[in-house]
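Enquirer: Make a model of this:
(one chain, ligands or ions: 1)
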Amino acid sequence: MVCKPLILLLSVTMMLSAGGAAFAYSNVALNQPVTHSGTFGSTIDKFPTVDDGTFLAEGTHWQSGTVWWVNSLSPTLTIALGMDYVVDKFRVQADNNDTYALYAYDGGLLVHTANFSTYGGGGMRTRPDYNLVTPITIDSLVFKATGGDNSYSVSEIQAWGDPIPLPASVLLLASGLAGLGCWRRIRG
Ligand SMILES: [Ca+2]
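Expert: Residues are numbered from 1 along each chain as shown. Here you go, the predicted structure:
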């Protein structure tokens, strides 16, 4: 007879495997809560659009359907991911003639700063992908302007990766506990 703890462990393992498949490599910032600090010119309903997965048409006017602000580098947008993710790519669409930074945090500690340069054309422009050679574990993102013409704007912020894999030690501990449960049951 197979004892219950083993059946439970198998079920959990199968659920985790299924979850892993469901959460394949993707934009982990998609539709996560966006909070802001500082004074913005755009209406409050625009904040959720910075991680809704939608890019505006390249060259869109900087105040059209965007989150924008003027005369200060202080305003920030924060995206809380809700859990740890391992990411290796950032993608940003912002006003072409400014520089911006995307700060990646884990547990309140700054893990990486991705800088985005000015870009050709006019209006809103998707910057080249910012690729990380070594993937990093993060749980939140902060976006801000770092320089430009005092008129700043962003329309999309993305971070690409996977949920953090369950450490092998946790699986080992789980199987150990399940084994102990079986041993007690058989012994009793
Ligand atoms: Ca968007």
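
Enquirer: Can you pull out the low-pLDDT segments for the chain?
Expert: Scanning the chain for pLDDT under 70 picks out 1-23, 166-169, 182, 188.

Enquirer: Where does residue 178 sit: helix, strand or coil?
Expert: Under DSSP: H, G, I helix; E, B strand; the rest coil, the three-state class of residue 178 is helix.

Enquirer: repeat for residue 42
Expert: Going by three-state DSSP: residue 42 is coil.

Enquirer: Just the C-alphas of the helix or strand residue 112 falls within, formatted as PDB.
Expert: Take DSSP states H and E as the rule and residue 112 turns out to sit in strand 109-116. Output in PDB follows, covering the C-alpha atoms of strand 109-116 (Å, rounded to 0.1, in the frame of the first residue of the first chain):
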ATOM      1  CA  LEU A 109      18.000  45.600  -2.600                       C
ATOM      2  CA  LEU A 110      19.100  47.100  -5.900                       C
ATOM      3  CA  VAL A 111      20.100  44.200  -8.100                       C
ATOM      4  CA  HIS A 112      20.700  45.900 -11.500                       C
ATOM      5  CA  THR A 113      20.300  49.200 -13.200                       C
ATOM      6  CA  ALA A 114      19.300  49.100 -16.900                       C
ATOM      7  CA  ASN A 115      20.000  52.400 -18.700                       C
ATOM      8  CA  PHE A 116      18.200  53.400 -21.800                       C
END
